[in-house]
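> show me the folded form of this:
(one chain, ligands or ions: 2)
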Amino acid sequence: MKILVTGGTGFIGSHTVVELQKTGHEVVIVDNLSNSSETVLDDICTISGTRPIFYKADIRDKEALRSVFSEHKIEAVIHFAGLKAVGESVQIPLEYYHNNITGTLILCDVMREAGCKTMVFSSSATVYGMNNTVPFKEDMPTSATNPYGRTKLMLEQILSDLTVSDPEWSVVLLRYFNPIGAHPSGLIGENPSGIPNNLFPYIARVAVGMLPCLSVFGNDYDTPDGTGVRDYIHVVDLALGHLKALDFAAAHKGVETVNLGTSRGTSVLELVRAFEKESGVKVNYKIAPRRAGDIASCYADTEKAEKLLGWKAKYGIEDMCRDGWRYMNK
Ligand code: NAD
Ligand code: WQD
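Ligands and ions are numbered 1, 2, ... in the order given. Coordinates of the predicted model:
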């Protein structure tokens, strides 16, 4: 199939493009490079042997999207493009709503004009909010505590409304848990600018000496060692989940919401230890106060992904640390 990947030069997008190409799909990327670099296209080409077609464009630019759809017979869209930093979304909410919501509305409008009504969308486990008990299951109530999370919740609702209004639409809403690691080639991975907000890139930067010490946000949670527990998933597993979701969306109509996680919880200190083991480097850390808005435990019920999509994560924490470390060293 010919697939449009919005945000395809980003962290999860680039890994998904590689897997799409390996499976014989033709890929067209639209990315405004606000959080990625064009050099990723060379790295994708080195890994897969094919350079994806690339448009440097913003998804809010309707004319730019129209010309992409007129130049290519796009059969489905995997929609990653969006802003994703929780803290930043509290500081600049209008930018988040405009980028994520307006951008998706314009994309859907252009898809409808072009008669392309199949989409796989990047949602987030953040929509499970603060009031559910683990493991999180797709039919649990949802809520959000910050503008970023609200954009994901609103977009889930908007895309669901679209499938109700027009039975030709097919949408799979993928709720990712905590994607980490990198491609085993060491060529593509996550490279946040500035000081990382997320645990894994922070650990990696402490390990290489770019940052002096990790602050562990709280050791008094109701978890086995007191530190926060998350469902870390290898970004390559996540990418493979998109291929399964795409197959499903192409063969069905309507909307489905599916968790992409491993169903295994790992604490902050467990991740630090696993990273130390795989890298052979000591990671300095200190215990710090809890971070506002954090929950004690977050991990997925993955039964729906297994039954509906035939997908199950195969990599473990060791693989994620090894591959993330290899990327960091390159
Ligand atoms: P990323 O920032 O690496 O990739 C997003 C890409 O979208 C970037 O290359 C950026 O330049 C591009 N982009 C942003 N706004 C755009 C716009 N208006 N027009 C065109 N391109 C635009 O992020 P990622 O980690 O790969 O995340 C991809 C998607 O998955 C996002 O929607 C994010 O909210 C969602 N998600 C990510 C995580 C995570 O922890 N990484 C977890 C859950 C959900
Ligand atoms: C993981 C654990 C922290 C940094 C976020 C978003 C979520 C989703 C994924 C997009 C927690 C602890 C962290 C540090 C620490 N993104 N930690 N020291 O908060 O689970 O999820 O990314 O959709 O929406 O909220 O991920 O990596 O920030 O934190 O102790 O310097 O590590 O308290 O327990 P989180 P994270």
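
> show me where the stretch 101-250 of the chain has its strands.
118-124, 170-176, 178-180, 214-217, 229-230, 232-234 (DSSP state E, counting those that start in this stretch).

> now do the buried residues in the fourth one.
Of the residues in strand 214-217, those buried by neighbour count under the rule 16 or more other Cβ atoms under 10 Å are 214, 216, 217. To be clear about C-beta, it is placed using only N, CA and C from the backbone, and glycine gets the same treatment.

> returning to that earlier point: residue 312 is nearest to which of the strands of the stretch 101-250 of the chain?
Of all those, strand 232-234 sits nearest to residue 312, with 11.0 Å by Cβ to Cβ.

> just to revisit the earlier point, now the buried residues of strand 214-217 as JSON lines including distance to ligand 1 and pLDDT?
Output for the buried residues of strand 214-217, formatted as JSON lines (distance: Cβ to the nearest ligand atom, whole Å; pLDDT from 0 to 100):
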{"residue": "214", "distance to ligand 1": "18", "pLDDT": "98"}
{"residue": "216", "distance to ligand 1": "19", "pLDDT": "98"}
{"residue": "217", "distance to ligand 1": "16", "pLDDT": "98"}
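
> please report how far the residue of the stretch 1-150 of the chain found nearest ligand 1 lies from residue 30.
As assessed by Cβ to the nearest ligand atom, ligand 1 sits closest to residue 10 within the stretch 1-150 of the chain, at 2.0 Å. As judged by Cβ to Cβ, to the nearest Å, residue 10 and residue 30 stand 11 Å apart.

> spell out which parts of this structure neighbour ligand 1.
Counting by Cβ under 6 Å from any ligand atom, the residues of the chain close to ligand 1 are 6-7, 9-13, 30-36, 58-60, 80-84, 99, 103, 122, 124, 176, 179.

> out of these, which end up buried?
Among the residues of the chain next to ligand 1, those buried by neighbour count (16+ other Cβ under 10 Å) are 6-7, 9-13, 30-32, 35-36, 58-60, 80-84, 99, 103, 122, 124, 176, 179.

> quick one: contacts for the nearest residue to residue 223 once chain neighbours are set aside?
Excluding its sequence neighbours, the residue lying closest to residue 223 (Cβ to Cβ, 6 or more residues apart in numbering) is residue 229, at 4.8 Å. Residue 229 sits next to 134, 221, 223, 265, 266, 267, 296, 297, 298, 299 when contact means Cβ atoms under 8 Å, 6 or more residues apart in numbering.

> how about CSV for those, with neighbour count, pLDDT and distance to ligand 2 added?
Converted to CSV, the contacts of residue 229 look like this (neighbours: other Cβ atoms under 10 Å; pLDDT from 0 to 100; distance: Cβ to the nearest ligand atom, whole Å):
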residue, neighbour count, pLDDT, distance to ligand 2
134, 17, 98, 12
221, 19, 98, 8
223, 18, 98, 9
265, 22, 98, 11
266, 22, 98, 9
267, 21, 98, 8
296, 18, 97, 8
297, 18, 98, 9
298, 21, 98, 6
299, 23, 98, 10
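
> which residues touch residue 138?
By Cβ under 8 Å, 6+ apart, the contact set of residue 138 is 175, 257, 258, 259, 301, 304.
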